[in-house]
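J.: Here you go, sequence then predicted model.
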Amino acid sequence: MVKCVSILGSTGSIGRQSLDIISRLDVKVVALTAGTSVELMAQQCRQFQPELAVMATEEAAKALAEAISDLPIRISWGEAGLIEAAAYEKADCVITAVVGMVGLKPTLAAIRAGKRIGLANKETLVCAGELVMAEAEKYGVEIIPVDSEHSAIFQCLMGVGDSKEVKRLILTCSGGPFFGMSREQLQNVTKADALKHPNWKMGAKITIDCATLMNKGLEVIEAMRLYRLPVEQVDVVIHRQSIVHSMVELVDGAVMAQMGAPDMRLPIQLALTYPQRTACPVDDLDLTKCGSLTFCQPDMENFPCLALARRCAKLGGTACAVMNGANEEAVALFLADKIGFYDIYDLVSKAVDTVPNVMEPTLEDILEADRLARQCVRENV
(Lines give C-alpha, C1' and ligand atoms only; values in the text may rest on other atoms or scores of the structure.)
Protein backbone atom coordinates (compact mmCIF):
# COMPACT_ATOMS: atom_id res chain seq x y z
CA MET A 1 0.00 0.00 0.00
CA VAL A 2 1.20 3.49 -0.81
CA LYS A 3 1.87 5.94 2.02
CA CYS A 4 1.77 9.40 0.43
CA VAL A 5 -0.19 10.49 -2.63
CA SER A 6 -0.62 13.42 -4.99
CA ILE A 7 -3.99 13.80 -6.70
CA LEU A 8 -4.12 15.62 -10.00
CA GLY A 9 -7.69 16.80 -10.54
CA SER A 10 -8.92 16.49 -6.96
CA THR A 11 -12.19 18.40 -7.46
CA GLY A 12 -13.37 16.23 -10.36
CA SER A 13 -15.40 13.03 -10.08
CA ILE A 14 -12.42 10.65 -9.81
CA GLY A 15 -10.53 13.06 -7.56
CA ARG A 16 -13.42 13.37 -5.11
CA GLN A 17 -13.91 9.60 -4.99
CA SER A 18 -10.16 9.13 -4.51
CA LEU A 19 -10.26 11.39 -1.48
CA ASP A 20 -13.24 9.48 -0.13
CA ILE A 21 -11.19 6.27 -0.31
CA ILE A 22 -8.08 7.92 1.12
CA SER A 23 -10.06 9.20 4.12
CA ARG A 24 -10.59 5.52 5.05
CA LEU A 25 -6.97 4.43 4.51
CA ASP A 26 -3.70 5.20 6.26
CA VAL A 27 -2.56 7.40 3.35
CA LYS A 28 -1.29 10.98 3.54
CA VAL A 29 -2.25 13.51 0.85
CA VAL A 30 0.78 15.67 0.07
CA ALA A 31 -0.41 17.56 -3.03
CA LEU A 32 -3.74 18.43 -4.64
CA THR A 33 -4.45 20.10 -7.98
CA ALA A 34 -7.67 21.47 -9.44
CA GLY A 35 -9.03 23.66 -12.19
CA THR A 36 -10.91 26.70 -10.93
CA SER A 37 -13.17 25.19 -8.24
CA VAL A 38 -11.75 27.34 -5.45
CA GLU A 39 -14.44 26.68 -2.83
CA LEU A 40 -14.24 22.89 -3.12
CA MET A 41 -10.43 22.96 -3.20
CA ALA A 42 -10.42 25.06 -0.02
CA GLN A 43 -12.65 22.48 1.67
CA GLN A 44 -10.33 19.66 0.56
CA CYS A 45 -7.29 21.55 1.82
CA ARG A 46 -8.85 22.01 5.24
CA GLN A 47 -9.77 18.33 5.48
CA PHE A 48 -6.61 16.72 4.07
CA GLN A 49 -3.94 19.33 4.87
CA PRO A 50 -1.71 18.86 1.78
CA GLU A 51 1.66 20.58 1.60
CA LEU A 52 1.01 21.85 -1.95
CA ALA A 53 -2.20 23.00 -3.63
CA VAL A 54 -2.27 23.90 -7.32
CA MET A 55 -4.94 25.71 -9.33
CA ALA A 56 -5.20 26.00 -13.11
CA THR A 57 -5.07 29.80 -13.24
CA GLU A 58 -3.27 32.52 -11.31
CA GLU A 59 -6.60 34.15 -10.48
CA ALA A 60 -7.93 30.92 -8.93
CA ALA A 61 -4.65 30.43 -7.04
CA LYS A 62 -4.93 33.91 -5.52
CA ALA A 63 -8.53 33.26 -4.51
CA LEU A 64 -7.49 29.96 -2.88
CA ALA A 65 -4.61 31.66 -1.05
CA GLU A 66 -7.08 34.13 0.44
CA ALA A 67 -9.56 31.38 1.36
CA ILE A 68 -6.98 29.29 3.25
CA SER A 69 -4.60 32.01 4.40
CA ASP A 70 -4.62 30.52 7.89
CA LEU A 71 -3.23 27.15 6.67
CA PRO A 72 0.49 26.35 6.11
CA ILE A 73 -0.12 25.21 2.52
CA ARG A 74 2.03 26.37 -0.38
CA ILE A 75 -0.01 27.40 -3.42
CA SER A 76 0.99 27.28 -7.07
CA TRP A 77 -0.78 27.42 -10.42
CA GLY A 78 -0.63 26.48 -14.08
CA GLU A 79 1.24 23.73 -15.89
CA ALA A 80 4.40 24.25 -13.84
CA GLY A 81 2.47 23.73 -10.61
CA LEU A 82 0.75 20.64 -12.02
CA ILE A 83 4.09 19.11 -12.96
CA GLU A 84 5.53 19.96 -9.54
CA ALA A 85 2.61 18.19 -7.83
CA ALA A 86 3.08 15.16 -10.09
CA ALA A 87 6.77 14.86 -9.22
CA TYR A 88 6.39 15.92 -5.57
CA GLU A 89 9.23 14.35 -3.63
CA LYS A 90 7.18 12.96 -0.72
CA ALA A 91 4.55 11.29 -2.92
CA ASP A 92 5.01 7.63 -3.77
CA CYS A 93 1.83 7.50 -5.89
CA VAL A 94 0.13 9.97 -8.22
CA ILE A 95 -3.55 9.67 -9.12
CA THR A 96 -3.82 11.32 -12.54
CA ALA A 97 -7.48 12.31 -12.63
CA VAL A 98 -7.26 15.41 -14.82
CA VAL A 99 -9.20 15.26 -18.08
CA GLY A 100 -7.57 15.58 -21.47
CA MET A 101 -4.12 16.21 -22.90
CA VAL A 102 -3.26 18.41 -19.93
CA GLY A 103 -2.40 15.18 -18.12
CA LEU A 104 0.40 14.08 -20.46
CA LYS A 105 3.34 16.16 -19.25
CA PRO A 106 2.54 15.69 -15.53
CA THR A 107 2.24 11.93 -16.03
CA LEU A 108 5.63 11.81 -17.72
CA ALA A 109 7.07 13.92 -14.89
CA ALA A 110 5.66 11.53 -12.30
CA ILE A 111 7.07 8.52 -14.13
CA ARG A 112 10.53 10.10 -14.36
CA ALA A 113 10.34 10.81 -10.63
CA GLY A 114 9.67 7.12 -9.97
CA LYS A 115 6.08 7.40 -8.74
CA ARG A 116 3.42 4.71 -8.99
CA ILE A 117 0.76 5.96 -11.42
CA GLY A 118 -2.92 5.47 -10.65
CA LEU A 119 -4.00 6.23 -14.22
CA ALA A 120 -7.44 7.76 -14.75
CA ASN A 121 -6.33 10.09 -17.57
CA LYS A 122 -6.85 7.88 -20.62
CA GLU A 123 -5.76 10.59 -23.07
CA THR A 124 -2.17 10.15 -21.88
CA LEU A 125 -1.98 6.65 -23.33
CA VAL A 126 -4.23 7.39 -26.29
CA CYS A 127 -1.99 10.20 -27.51
CA ALA A 128 1.45 9.06 -26.38
CA GLY A 129 1.06 5.48 -25.24
CA GLU A 130 4.24 4.08 -26.75
CA LEU A 131 6.30 6.94 -25.33
CA VAL A 132 4.68 6.72 -21.88
CA MET A 133 5.02 2.93 -21.61
CA ALA A 134 8.66 3.10 -22.71
CA GLU A 135 9.36 5.67 -19.99
CA ALA A 136 7.55 3.56 -17.40
CA GLU A 137 9.68 0.56 -18.34
CA LYS A 138 12.84 2.65 -18.27
CA TYR A 139 12.16 3.99 -14.77
CA GLY A 140 10.63 0.79 -13.38
CA VAL A 141 7.30 2.48 -12.65
CA GLU A 142 3.99 0.67 -12.07
CA ILE A 143 1.00 2.00 -14.00
CA ILE A 144 -2.18 0.80 -12.28
CA PRO A 145 -5.30 1.66 -14.31
CA VAL A 146 -8.17 3.34 -12.51
CA ASP A 147 -10.73 3.10 -15.34
CA SER A 148 -13.21 0.39 -14.34
CA GLU A 149 -12.67 -1.52 -17.60
CA HIS A 150 -8.89 -1.46 -17.51
CA SER A 151 -8.80 -2.22 -13.80
CA ALA A 152 -11.00 -5.24 -14.58
CA ILE A 153 -8.53 -6.45 -17.21
CA PHE A 154 -5.64 -5.74 -14.85
CA GLN A 155 -7.31 -7.90 -12.20
CA CYS A 156 -8.12 -10.71 -14.65
CA LEU A 157 -4.50 -10.77 -15.80
CA MET A 158 -3.21 -11.18 -12.24
CA GLY A 159 -3.61 -14.92 -12.70
CA VAL A 160 -2.06 -15.08 -16.17
CA GLY A 161 1.62 -15.98 -16.23
CA ASP A 162 2.47 -15.20 -19.85
CA SER A 163 0.98 -12.60 -22.21
CA LYS A 164 1.12 -15.23 -24.97
CA GLU A 165 -1.72 -16.98 -23.13
CA VAL A 166 -4.05 -14.03 -23.90
CA LYS A 167 -6.25 -14.44 -26.98
CA ARG A 168 -8.13 -11.15 -26.65
CA LEU A 169 -9.31 -8.46 -24.27
CA ILE A 170 -13.05 -7.83 -24.16
CA LEU A 171 -14.05 -4.34 -23.00
CA THR A 172 -17.64 -3.98 -21.87
CA CYS A 173 -19.65 -0.89 -22.75
CA SER A 174 -22.97 0.25 -21.30
CA GLY A 175 -24.02 1.71 -24.64
CA GLY A 176 -24.67 5.09 -23.05
CA PRO A 177 -28.00 6.94 -22.95
CA PHE A 178 -28.75 6.44 -26.67
CA PHE A 179 -28.42 2.67 -26.97
CA GLY A 180 -30.66 1.26 -29.70
CA MET A 181 -31.47 4.63 -31.26
CA SER A 182 -31.33 5.16 -35.04
CA ARG A 183 -29.44 7.90 -36.84
CA GLU A 184 -32.72 9.73 -37.42
CA GLN A 185 -33.52 9.64 -33.71
CA LEU A 186 -30.03 10.85 -32.84
CA GLN A 187 -30.09 13.88 -35.15
CA ASN A 188 -31.74 16.17 -32.64
CA VAL A 189 -30.59 14.86 -29.25
CA THR A 190 -29.50 17.58 -26.84
CA LYS A 191 -26.67 18.07 -24.39
CA ALA A 192 -29.09 17.34 -21.54
CA ASP A 193 -30.06 14.06 -23.19
CA ALA A 194 -26.43 13.05 -23.69
CA LEU A 195 -25.51 13.76 -20.07
CA LYS A 196 -28.02 11.21 -18.72
CA HIS A 197 -25.76 8.18 -18.40
CA PRO A 198 -27.77 5.14 -17.29
CA ASN A 199 -25.26 3.66 -14.82
CA TRP A 200 -22.30 5.92 -13.95
CA LYS A 201 -21.91 9.38 -12.47
CA MET A 202 -18.98 11.04 -14.26
CA GLY A 203 -17.74 14.38 -15.52
CA ALA A 204 -19.42 16.04 -18.50
CA LYS A 205 -16.70 15.34 -21.06
CA ILE A 206 -16.44 11.61 -20.43
CA THR A 207 -20.24 11.31 -20.26
CA ILE A 208 -20.56 12.81 -23.75
CA ASP A 209 -17.80 10.45 -24.94
CA CYS A 210 -19.88 7.57 -23.59
CA ALA A 211 -22.90 8.82 -25.54
CA THR A 212 -20.93 8.88 -28.83
CA LEU A 213 -19.02 5.65 -27.96
CA MET A 214 -15.80 7.61 -28.41
CA ASN A 215 -14.97 6.76 -24.80
CA LYS A 216 -14.90 3.09 -25.69
CA GLY A 217 -12.74 3.86 -28.70
CA LEU A 218 -10.29 5.68 -26.45
CA GLU A 219 -10.30 2.68 -24.12
CA VAL A 220 -9.52 0.30 -26.99
CA ILE A 221 -6.41 2.34 -27.75
CA GLU A 222 -5.51 2.59 -24.07
CA ALA A 223 -5.80 -1.19 -23.69
CA MET A 224 -3.49 -1.70 -26.66
CA ARG A 225 -0.84 0.46 -24.99
CA LEU A 226 -1.21 -0.87 -21.46
CA TYR A 227 -1.13 -4.52 -22.43
CA ARG A 228 1.04 -4.33 -25.56
CA LEU A 229 -1.50 -5.96 -27.89
CA PRO A 230 -2.58 -5.13 -31.45
CA VAL A 231 -6.02 -3.59 -31.93
CA GLU A 232 -7.24 -6.86 -33.47
CA GLN A 233 -6.96 -8.46 -30.01
CA VAL A 234 -9.10 -5.82 -28.29
CA ASP A 235 -12.86 -6.20 -28.71
CA VAL A 236 -15.91 -4.36 -27.38
CA VAL A 237 -19.30 -5.74 -26.34
CA ILE A 238 -22.35 -3.83 -25.17
CA HIS A 239 -23.31 -4.85 -21.64
CA ARG A 240 -26.12 -2.61 -20.46
CA GLN A 241 -26.04 -3.63 -16.79
CA SER A 242 -22.41 -2.54 -16.09
CA ILE A 243 -21.90 -5.53 -13.77
CA VAL A 244 -19.19 -7.30 -15.80
CA HIS A 245 -16.55 -4.60 -16.10
CA SER A 246 -14.41 -6.38 -18.71
CA MET A 247 -13.09 -9.81 -19.63
CA VAL A 248 -9.97 -11.59 -20.82
CA GLU A 249 -10.23 -14.56 -23.17
CA LEU A 250 -7.30 -17.00 -23.00
CA VAL A 251 -5.95 -19.18 -25.80
CA ASP A 252 -7.53 -22.32 -24.31
CA GLY A 253 -11.00 -20.78 -24.50
CA ALA A 254 -11.33 -19.83 -20.83
CA VAL A 255 -12.78 -16.37 -20.19
CA MET A 256 -11.89 -14.44 -17.03
CA ALA A 257 -14.37 -11.73 -15.99
CA GLN A 258 -14.25 -9.14 -13.22
CA MET A 259 -17.64 -8.24 -11.78
CA GLY A 260 -18.83 -5.73 -9.22
CA ALA A 261 -21.20 -2.89 -8.50
CA PRO A 262 -20.71 0.10 -10.85
CA ASP A 263 -18.66 2.12 -8.35
CA MET A 264 -15.33 3.74 -9.27
CA ARG A 265 -14.07 3.59 -5.69
CA LEU A 266 -13.15 -0.07 -6.07
CA PRO A 267 -10.58 0.42 -8.88
CA ILE A 268 -9.34 3.60 -7.21
CA GLN A 269 -8.69 1.74 -3.96
CA LEU A 270 -6.91 -1.11 -5.76
CA ALA A 271 -4.53 1.38 -7.37
CA LEU A 272 -3.59 2.56 -3.88
CA THR A 273 -3.41 -0.79 -2.07
CA TYR A 274 -2.09 -3.14 -4.80
CA PRO A 275 -0.94 -5.89 -4.43
CA GLN A 276 -2.98 -6.06 -1.21
CA ARG A 277 -6.76 -5.78 -0.97
CA THR A 278 -8.68 -4.20 1.90
CA ALA A 279 -12.37 -3.72 2.70
CA CYS A 280 -13.93 -1.14 0.36
CA PRO A 281 -17.07 0.96 1.00
CA VAL A 282 -18.85 -0.19 -2.16
CA ASP A 283 -22.10 -2.12 -2.22
CA ASP A 284 -21.77 -5.90 -2.23
CA LEU A 285 -22.72 -7.49 -5.53
CA ASP A 286 -25.84 -9.63 -5.03
CA LEU A 287 -26.10 -11.77 -8.14
CA THR A 288 -29.61 -12.85 -7.19
CA LYS A 289 -30.77 -9.25 -7.62
CA CYS A 290 -28.85 -8.33 -10.78
CA GLY A 291 -31.39 -9.75 -13.18
CA SER A 292 -30.28 -10.91 -16.61
CA LEU A 293 -26.82 -9.98 -17.85
CA THR A 294 -26.89 -9.29 -21.58
CA PHE A 295 -24.21 -8.81 -24.24
CA CYS A 296 -24.40 -7.66 -27.85
CA GLN A 297 -22.27 -6.14 -30.59
CA PRO A 298 -21.83 -2.32 -30.64
CA ASP A 299 -23.62 -0.38 -33.37
CA MET A 300 -20.71 1.26 -35.19
CA GLU A 301 -22.87 2.49 -38.05
CA ASN A 302 -25.02 4.82 -35.96
CA PHE A 303 -22.18 5.43 -33.47
CA PRO A 304 -19.22 5.80 -35.84
CA CYS A 305 -16.75 7.26 -33.31
CA LEU A 306 -15.83 3.75 -32.15
CA ALA A 307 -14.95 2.67 -35.70
CA LEU A 308 -12.97 5.90 -36.18
CA ALA A 309 -10.93 5.17 -33.04
CA ARG A 310 -10.13 1.67 -34.27
CA ARG A 311 -9.05 3.12 -37.62
CA CYS A 312 -6.71 5.58 -35.91
CA ALA A 313 -5.27 2.77 -33.79
CA LYS A 314 -4.34 0.93 -36.98
CA LEU A 315 -2.89 4.08 -38.57
CA GLY A 316 -0.54 4.64 -35.64
CA GLY A 317 1.79 7.64 -35.48
CA THR A 318 0.05 10.82 -34.38
CA ALA A 319 -3.37 9.75 -35.68
CA CYS A 320 -4.68 8.95 -32.20
CA ALA A 321 -3.40 12.28 -30.84
CA VAL A 322 -5.18 14.10 -33.68
CA MET A 323 -8.38 12.22 -33.02
CA ASN A 324 -8.22 12.88 -29.30
CA GLY A 325 -7.45 16.59 -29.62
CA ALA A 326 -10.20 17.07 -32.18
CA ASN A 327 -12.65 15.18 -29.99
CA GLU A 328 -11.84 17.28 -26.92
CA GLU A 329 -12.43 20.44 -28.94
CA ALA A 330 -15.64 19.15 -30.54
CA VAL A 331 -17.10 17.91 -27.24
CA ALA A 332 -16.41 21.31 -25.67
CA LEU A 333 -18.34 22.92 -28.53
CA PHE A 334 -21.21 20.47 -28.06
CA LEU A 335 -21.32 21.20 -24.33
CA ALA A 336 -21.45 24.90 -25.21
CA ASP A 337 -24.49 24.22 -27.46
CA LYS A 338 -22.57 25.36 -30.55
CA ILE A 339 -22.74 22.12 -32.55
CA GLY A 340 -25.02 19.08 -32.81
CA PHE A 341 -24.45 15.49 -31.72
CA TYR A 342 -23.28 14.13 -35.09
CA ASP A 343 -21.14 17.20 -35.68
CA ILE A 344 -18.74 15.73 -33.11
CA TYR A 345 -17.95 12.76 -35.35
CA ASP A 346 -17.89 14.85 -38.52
CA LEU A 347 -15.40 17.34 -37.09
CA VAL A 348 -13.14 14.69 -35.58
CA SER A 349 -13.16 12.63 -38.76
CA LYS A 350 -12.31 15.74 -40.80
CA ALA A 351 -9.33 16.46 -38.54
CA VAL A 352 -8.04 12.89 -38.82
CA ASP A 353 -8.22 13.10 -42.61
CA THR A 354 -6.68 16.60 -42.76
CA VAL A 355 -3.86 16.81 -40.21
CA PRO A 356 -0.69 15.03 -41.43
CA ASN A 357 0.12 11.79 -39.63
CA VAL A 358 3.67 11.67 -38.26
CA MET A 359 5.07 8.18 -37.66
CA GLU A 360 7.32 7.40 -34.66
CA PRO A 361 6.46 10.80 -33.13
CA THR A 362 8.39 12.66 -30.45
CA LEU A 363 6.60 14.41 -27.60
CA GLU A 364 6.84 17.65 -29.60
CA ASP A 365 5.21 15.95 -32.61
CA ILE A 366 2.35 14.71 -30.41
CA LEU A 367 1.75 18.14 -28.89
CA GLU A 368 1.81 19.76 -32.35
CA ALA A 369 -0.65 17.18 -33.68
CA ASP A 370 -2.97 18.01 -30.80
CA ARG A 371 -2.70 21.73 -31.57
CA LEU A 372 -3.37 21.28 -35.28
CA ALA A 373 -6.34 19.01 -34.59
CA ARG A 374 -7.99 21.59 -32.35
CA GLN A 375 -7.31 24.31 -34.89
CA CYS A 376 -8.87 22.16 -37.63
CA VAL A 377 -12.04 21.70 -35.60
CA ARG A 378 -12.38 25.43 -34.90
CA GLU A 379 -11.86 26.26 -38.58
CA ASN A 380 -14.52 23.77 -39.71
CA VAL A 381 -17.30 24.67 -37.29
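T.: Right, received. Where do you want to start?

J.: rest of the way, CA atoms for contacts and neighbours
T.: Fine.

J.: can you give me the strands in the stretch 101-250 of the chain?
T.: Listed in chain order, the strands of the stretch 101-250 of the chain (DSSP state E, counting those that start in this stretch) span residues 116-119, 143-145, 166-173, 234-238, 244-250.

J.: Give me whichever of those is most buried.
T.: Compared across those, strand 116-119 shows the largest average neighbour count, a mean of 25 (mean count of other C-alpha atoms under 10 Å).

J.: can you redo the strands of the stretch 101-250 of the chain as a markdown table with mean pLDDT and distance to Pro262?
T.: Formatted as a markdown table, the strands of the stretch 101-250 of the chain follow (pLDDT from 0 to 100; distance: least, C-alpha to C-alpha, whole Å):
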| stretch | mean pLDDT | distance to Pro262 |
| --- | --- | --- |
| strand 116-119 | 97 | 18 |
| strand 143-145 | 96 | 16 |
| strand 166-173 | 97 | 12 |
| strand 234-238 | 98 | 15 |
| strand 244-250 | 98 | 8 |
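
J.: out of the ones you listed, which comes closest to Val220?
T.: strand 234-238 (6.3 Å; C-alpha to C-alpha).

J.: and that closest one, what other elements does it pack with?
T.: For strand 234-238, the packing partners by 3 or more C-alpha pairs under 8 Å, 6 or more residues apart in numbering; DSSP states H and E come out as strand 166-173, helix 214-227.

J.: tell me the angle that strand makes with helix 214-227.
T.: Taking axes from the mean of the first three to the mean of the last three C-alpha atoms, to 10 degrees, strand 234-238 and helix 214-227 form an angle of 150 degrees between their directions.

J.: what does strand 234-238 rub up against?
T.: Where contact means C-alpha atoms under 8 Å, 6 or more residues apart in numbering, the residues beyond strand 234-238 that reach it are 168-175, 216, 220, 223-224, 294-298.

J.: again, only this time at 7 Å
T.: Where contact means C-alpha atoms under 7 Å, 6 or more residues apart in numbering, the residues beyond strand 234-238 that reach it are 168-175, 220, 295-298.

J.: Which one of those is nearest to Phe334?
T.: Nearest to Phe334 among the contacts of strand 234-238, with distances taken as C-alpha to C-alpha, is Gly175, at 19.3 Å.

J.: how deep is Phe303 tucked in, by neighbour count?
T.: With neighbours defined by other C-alpha atoms under 10 Å, the count for Phe303 comes to 23.

J.: Distance check, the closest residue to it other than its chain neighbours against Gly159.
T.: Of all residues beyond its chain neighbours, the one nearest Phe303 is Thr212 (5.9 Å), with distances taken as C-alpha to C-alpha, 6 or more residues apart in numbering. Spatial separation of Thr212 from Gly159 under the definition C-alpha to C-alpha, to the nearest Å is 34 Å.

J.: Over to Cys4?
T.: Cys4 sits 28 Å away from Gly159, taking C-alpha to C-alpha as the criterion.

J.: Between those two, point out the one with more neighbours.
T.: Under the criterion of other C-alpha under 10 Å, the comparison of Cys4 against Gly159 puts Cys4 first, with 20 against 9.

J.: Lys28 is in contact with the more buried one, correct?
T.: Yes. Under the criterion of C-alpha atoms under 7 Å, Cys4 makes contact with Lys28 at 4.6 Å.

J.: So Ile75 belongs to a helix, correct?
T.: No. Residue state for Ile75 (DSSP: H, G, I helix; E, B strand; the rest coil) corresponds to strand; a helix is not indicated.
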